[in-house]
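A.B. asks: Return a 3D structure for these sequence lines:
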Amino acid sequence: MRTPAFGFLALGTAFVLAQPALSQTASLAELAHRRSVYLLEGDPTLRYDPTTVIVRFRTGAAEAERAALRRLVGGFGLRSLDAVPGLELISTSIPVDEAIALLRPHVEYAEHNWVVQKDSTIPNDTYFGLQWGIHNTGQTILGTPGTPDADIDGVEAWDVSTGDAGFAVAIIDTGTQWNHPDLDANIWSNPGEIAGNGLDDDGNGYVDDIRGWDFYSGDNNPTDGEGHGTHTAGTVGAEGDNGVGVAGVNWRCKLAPLRFLGPSGGFTSDAIAAVNYCTIEGIRVSNNSWGGGGYSQGLYDAIDASKSVGHVFVAAAGNSGVNTDVSPHYPSSYNLSNLISVAATDNRDALANESTWASNYGASSVDLGAPGVDIASTWSGSGYVWAGGTSMATPHVAGVAALVYARNPGWSYAQVVGRILSTARPAASMAGRCTTGGILNAFDAVDTGGGGDTTPPAPPTGLSATAGDASVSLDWNDNGEPDFDSYRVLRSTTSGTGYGEIASGITASAYVDNGVTNGVTYYYVVRAEDTSGNVSGNSNEASATPSGGGGGGPQVLFSDGFESGNFSAGGWTIQNGDSFISTGADRTGAYGARIRRTSWIERAVSTAGYSSIQLAYSRRTSGMDSGEFLWIEYWNGTSWVAVESTRSTGWADRTMALGADAGNESGFKIRFRTNANRTNERADVDDVEVVGTP
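C.D. replies: Next up, the predicted model:
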């Protein structure tokens, strides 16, 4: 490492977010807008305004109707966006997703007031212009002009992600000045420990290890009096866009200081203890800008064991200018799948070869290069300095590893390592000198278009379609995936083909299509989209034929042939445990619902506004004894009313006219149940339909 005689002075300015003063004469719209801005400034990760909805009212909707719809979501009109007729921004006092779901059946569309950002994420940190490794514009660094774009494409990566404020990166080094003004907000806090009580609250063997541990001195204050660990920590995760100092590769991670190096070095046993600490605490990335000594099976085994928590161990390749294929450097030369060995490059994309040190390399023992010459970062004493070496290259990679994990929280260590290595930017200086022949590329590592998380979510299941008057109501099962973002709805007038997208960005598992014509049969599928932009395949197809209205003919209020193959399709409920879908129960579709062993299923259908309710279905039973039946019932808002009881063994199509009390009911339900109590006794149903007259 090289540290010149001069450094940067720390800026002492502190920024405190204060809620803006509000004029007593300001309008409600002005107050609401200021509130929205305040929320955004307080949470830069906000995806949409949680207090407003963009709505387009239907053509001809009277102001009284619009006012009623605003009241429906507990809000009022904020702004008319009248270049588009009927378009308006309204407030809501209920959750936005709930408000959108309530409004959509009655308006042209209702949608989130999304947060968007500038396409180039340049932070306002004082010395960011000196951080050529993240953003090289050709600027001159300590007398050496750079080559534009000889960097890690950090700014481009920040357009995709600036990190996860809850993701921890261990700095295994000389410690970290945890109260440095450019690091303090990003210092890790042990969630299992209570500060100052003199106890090992989480049982990990360390007392009051609130912010990590000092294995060198054997105490809970892993601060840094030398600067090296603080410098690497700043490159990994200095607070970004805070108007002070430098920006870390990862603005929002948590830095866990683990000190094991003193003024003259440290012991392998303490390094092992630090790695084990990561495993115990579930820390999935560590920066290791150190090396030397002989091969240690103990350290090898500790790094290998850390795979159990998905740990990625990023190691400096060393500064002796040697080929580590021939002359190994440890720990960077350990052949472990969760270890990344990092060489250093300069601001012209050359392998570092300074007057006092040169980067190690190795076609099979070093993985990739990263910026490591004249790197500006934090230093102990709350200052900033230049420093160089593979020690300074390594934290660039550790920061990107944390970005990749934050972008893909369900990934394994192998996926993270593979992603970083497979997206390395080819460079002539690295050809034949590392396994990838390239230099770290943060943007390609985290970008969806360049790869990132490329696994699409599972297709939605259980799609059903219910016809209305010039409308079709759709509902399906929640996706349930941790990185789920939204749904897309597609429609066709031909079964199985010709689908066109009619809606996107839907967060509820329901949608009402008001853009249809009575008498035409429409076919629908739904797709899921995740936070990385991956889109699933199609759900099952559902169809409906809107008709009637205003006193017209009968309309289908609900239909389900169970073709989805998923028993919870369309809101069907399994009440006590042993109902299921079976291909052996098919009638006219691919599937039917099978009910057995004293179970039942039910479905709510709104008949409000309809009369002359008819229930149609197909049914059969198998193996039932005397006294055992399949009952078909409906709920009239007060009690269950039996429509039919049977133990007929052959398929039969039934259409039953229900009583007048089945109409005009928002609480109407249908139910199929049996008292059969042996495994080989069952009832099958299929092709259920509820029809009403407006």
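
A.B. asks: what number of residues lie near residue 264?
C.D. replies: The local packing of residue 264 (other Cβ atoms under 10 Å) involves 5 other residues. To be clear about C-beta, it is placed using only N, CA and C from the backbone, and glycine gets the same treatment.

A.B. asks: check contacts around residue 69.
C.D. replies: Taking Cβ atoms under 8 Å, 6 or more residues apart in numbering, we find residue 69 in contact with 55, 57, 103, 106-107.

A.B. asks: By neighbour count, which of the residues you listed wins?
C.D. replies: Counting by other Cβ under 10 Å, top hit in those: residue 55 with 28 neighbours.

A.B. asks: Make sure I have this right: that one is in a helix.
C.D. replies: No. Read with DSSP: H, G, I helix; E, B strand; the rest coil, residue 55 is strand and lies in no helix.

A.B. asks: residue contacts, the residue nearest to it when sequence neighbours are not counted?
C.D. replies: Spatial nearest neighbour of residue 55, chain neighbours left out: residue 110 (4.8 Å); criterion: Cβ to Cβ, 6 or more residues apart in numbering. For residue 110, the contacting residues are 53-56, 99-100, 103-104, by Cβ under 8 Å, 6+ apart.

A.B. asks: Which of the helices or strands spans residue 110?
C.D. replies: strand 109-114 (DSSP states H and E).

A.B. asks: And the helices in this protein?
C.D. replies: Ranges of helices in the chain, per DSSP state H, are 28-42, 63-72, 96-103, 154-158, 228-237, 268-281, 297-305, 390-407, 413-422, 442-446.

A.B. asks: got the contact list for the third one?
C.D. replies: The contact list for helix 96-103 (Cβ under 8 Å, 6+ apart) reads 48-53, 55, 69, 72-73, 75, 92, 110-112, 507-508, 510.

A.B. asks: care to break the chain down by domain?
C.D. replies: As recorded under automatic domain parsing, the domains making up the chain are 28-114, 128-446, 464-545, 558-693.

A.B. asks: Out of the ones you listed, which gets the lowest mean score?
C.D. replies: Mean pLDDT values for those show the minimum at domain 558-693, a mean of 80.

A.B. asks: Show the end-to-end separation of it, please.
C.D. replies: Domain 558-693 stretches 13 Å from its first residue to its last (Cα to Cα, to the nearest Å).

A.B. asks: Repeat that for stretch 146-160.
C.D. replies: End-to-end distance (Cα to Cα), stretch 146-160: 25 Å.

A.B. asks: measure residue 321 to residue 362 for me?
C.D. replies: Distance from residue 321 to residue 362, counting by Cβ to Cβ, to the nearest Å: 12 Å.

A.B. asks: Comparing those two, which residue is more hemmed in?
C.D. replies: Neighbour totals were compared for residue 321 and residue 362, and residue 362 leads with 25 against 14 (other Cβ under 10 Å).

A.B. asks: Residue 52 touches residue 88, doesn't it?
C.D. replies: No. Using Cβ atoms under 8 Å, residue 52 makes no contact with residue 88, being 10.3 Å away.

A.B. asks: give me the number of residues near residue 558?
C.D. replies: 25.

A.B. asks: begin at 31 from here
C.D. replies: Taking 31 as the first residue, the last one we looked at is residue 588.

A.B. asks: still on that earlier bit, out of the helices of the chain, which is the most enclosed?
C.D. replies: helix 258-267 (a mean of 32; mean count of other Cβ atoms under 10 Å).

A.B. asks: mind listing what residue 537 touches?
C.D. replies: 127, 130, 142, 516-517.

A.B. asks: Distance to residue 642 added to those residues, as JSON lines?
C.D. replies: Listed next are the contacts of residue 537 as JSON lines, based on distance: Cβ to Cβ, whole Å:
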{"residue": "127", "distance to residue 642": "36"}
{"residue": "130", "distance to residue 642": "33"}
{"residue": "142", "distance to residue 642": "40"}
{"residue": "516", "distance to residue 642": "39"}
{"residue": "517", "distance to residue 642": "34"}
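
A.B. asks: Determine which two of those residues are furthest apart.
C.D. replies: Comparing all pairs in the contacts of residue 537 by Cβ to Cβ, the longest separation belongs to 142 and 517, at 13.2 Å.

A.B. asks: With neighbour numbers in mind, choose between these two.
C.D. replies: residue 517 (27 against 19).

A.B. asks: Just grab the bridge partners of the more buried one for me.
C.D. replies: residue 536, residue 558 (DSSP bridges).

A.B. asks: Wait, it touches residue 532, no?
C.D. replies: No. Assessed by Cβ under 8 Å, residue 517 is found out of contact with residue 532, at 11.7 Å.

A.B. asks: Any buried residues in stretch 486-504, and which?
C.D. replies: 486-487, 489-498, 500-504 (16 or more other Cβ atoms under 10 Å).

A.B. asks: just stretch 665-675 next, same as before
C.D. replies: Buried residues in stretch 665-675 (16+ other Cβ under 10 Å): 665-666, 673-674.

A.B. asks: Output the contacts of residue 140 in JSON lines; the columns should cover distance to residue 154.
C.D. replies: Formatted as JSON lines, those follow (distance: Cβ to Cβ, whole Å):
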{"residue": "83", "distance to residue 154": "32"}
{"residue": "84", "distance to residue 154": "30"}
{"residue": "85", "distance to residue 154": "36"}
{"residue": "86", "distance to residue 154": "37"}
{"residue": "129", "distance to residue 154": "35"}
{"residue": "130", "distance to residue 154": "35"}
{"residue": "133", "distance to residue 154": "39"}
{"residue": "134", "distance to residue 154": "40"}
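
A.B. asks: List the beta-bridge partners for the nearest residue in space to residue 208 that is not next to it in sequence.
C.D. replies: Using Cβ to Cβ, 6+ apart and skipping the chain neighbours, the partner closest in space to residue 208 is residue 217 (4.5 Å). Beta-bridge partners for residue 217, by DSSP bridges, are residue 285.

A.B. asks: ok, residue 217 - how many residues close by?
C.D. replies: If we define neighbours as other Cβ under 10 Å, then residue 217 has 21 of them.

A.B. asks: can you pull the contacts of it?
C.D. replies: Residue 217 sits next to 206, 208, 241, 284-285, 287 when contact means Cβ under 8 Å, 6+ apart.

A.B. asks: got it, and residue 79?
C.D. replies: 66, 69-70, 126, 142-143, 145.

A.B. asks: Pretty sure residue 715 sits against residue 651.
C.D. replies: No. Residue 715 is beyond contact range of residue 651, at 10.0 Å (criterion: Cβ under 8 Å).

A.B. asks: returning to what we had before: from the contacts of residue 99, pick the one nearest residue 687.
C.D. replies: residue 136 (31.2 Å).

A.B. asks: which residue packs closest to that closest one, ignoring adjacent ones?
C.D. replies: Nearest one to residue 136, counting by Cβ to Cβ, 6+ apart, is residue 99 at 5.8 Å.

A.B. asks: Next one: the one you found from residue 111, what distance?
C.D. replies: Residue 99 is 16 Å from residue 111, by Cβ to Cβ.

A.B. asks: Not counting sequence-adjacent ones, nearest residue to residue 324?
C.D. replies: Leaving out its chain neighbours, residue 324 is closest to residue 360 (Cβ to Cβ, 6+ apart), at 7.1 Å.

A.B. asks: who's in contact with the one you found?
C.D. replies: Residue 360 neighbours (Cβ under 8 Å, 6+ apart): 321-326, 329.

A.B. asks: want to try JSON lines for those residues, with distance to residue 437 as columns?
C.D. replies: Putting the contacts of residue 360 into JSON lines (distance: Cβ to Cβ, whole Å) gives the following:
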{"residue": "321", "distance to residue 437": "29"}
{"residue": "322", "distance to residue 437": "34"}
{"residue": "323", "distance to residue 437": "35"}
{"residue": "324", "distance to residue 437": "38"}
{"residue": "325", "distance to residue 437": "35"}
{"residue": "326", "distance to residue 437": "33"}
{"residue": "329", "distance to residue 437": "30"}
